[in-house]
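Q: A predicted structure for the sequence below; I have some questions about it.
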Amino acid sequence: TESVIQSTELIMTMTNILVDRDALRITMICSTIVGLKMLIGNLMIGMARIKAGTRPPEDKELFPKAGSQGFLGRKDNDEDKKKKAAKEMEQRCIRIGLNDLENIPISLILNWGCLFVCYSTRVHIWLNVAFTIGRVFHHISYYKKLQPHRAMAWMLAWFATIGFGINGILGAILNL
């Protein structure tokens with residue numbers, strides 16, 4: 001007897017994705033710049049924590065000249081202007097890093113997704129440049145305490161992120 005096997009037939013289709021060479025290059029270059037900027041920001045947080053005395057206590061052995069270390073900071077007088085400035089700089093660097101984590105990952109996802117289906121490669125290239133300039137200048141202006149420069153840089157990168165989404169959606173819908 002012949003048994004009947006029911007199965008769902010999987011139909012696979014192959015799609016060729018054409019990517020503009022210049023758009024790919026610019027996307028990679030800008031992504032690398034932003035990624036390196038984030039790594040530099042992480043190093044800045046670590047250095048600021050050393051000066052503020054907020055590294056793990058066992059790190060005192062690594063940085064003996066920096067003095068005592070502890071998650072809650074040094075136990076000495078916080079009224080000292082130098083120590084207060086170090087703690088404020090630590091918080092500033094942490095906030096730069098947090099802002100990067102809030103904005104850059106989703107932007108890069110939209111950026112790379114847009115690259116493969118974008119409506120306009122020229123727009124995609126300019127959005128990459130705008131995003132990269134915005135994020136780098138946001139970092140610098142935050143560190144240097146420059147306002148409204150920081151807000152304008154953040155908005156430039158934010159609008160570029162929205163642009164990635166719009167350019168990608170238009171390409172996905174209209175370039176069928």
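A: The structure has been received and is ready for your questions. Here the structure is a predicted model, which is why all the values come from computation and not from measurement. Numbers count the residues shown, from 1 in each chain.
Q: from here on, contacts and neighbour counts on C-alpha atoms
A: Will do.
Q: Going along the chain, name the helices of this protein.
A: 21-52, 81-117, 121-143, 149-174 (DSSP state H).
Q: Give me the mean pLDDT for the third one.
A: If I follow you right, that is helix 121-143. The average pLDDT within helix 121-143 is 98.
Q: which residues are contacting that helix?
A: Helix 121-143 is contacted from outside by 20, 22-23, 26-27, 30-31, 33-34, 37, 92-93, 96, 111, 114-115, 118, 147, 149-158, 160-161, 163-164, 167, using CA atoms under 8 Å, 6 or more residues apart in numbering.
Q: Low-confidence regions, this structure specifically.
A: Confidence mapping of the chain against pLDDT under 70 gives the ranges 1-11, 74-79, 176.
Q: ok, 90 please
A: Within the chain, the segments meeting pLDDT under 90 span 1-18, 52-84, 86, 175-176.
Q: rewinding a little: now the buried members of the contacts of helix 121-143.
A: 23, 26-27, 30-31, 33-34, 37, 92-93, 96, 111, 114-115, 118, 149-150, 153-158, 160-161, 163-164, 167 (16 or more other CA atoms under 10 Å).
Q: Tell me if I'm right that Ser107 and Thr161 touch.
A: Yes: using CA atoms under 8 Å, Ser107 makes contact with Thr161 at a distance of 5.3 Å.
Q: mind checking which of the helices of the chain is nearest Leu62?
A: The closest of the helices of the chain to Leu62 is helix 21-52. By CA to CA, the value is 9.9 Å.
Q: Can you point out the buried residues in that closest one?
A: Buried, per 16+ other CA under 10 Å, within helix 21-52: 23-24, 26-27, 30-31, 33-35, 37-38, 41-42, 44-52.
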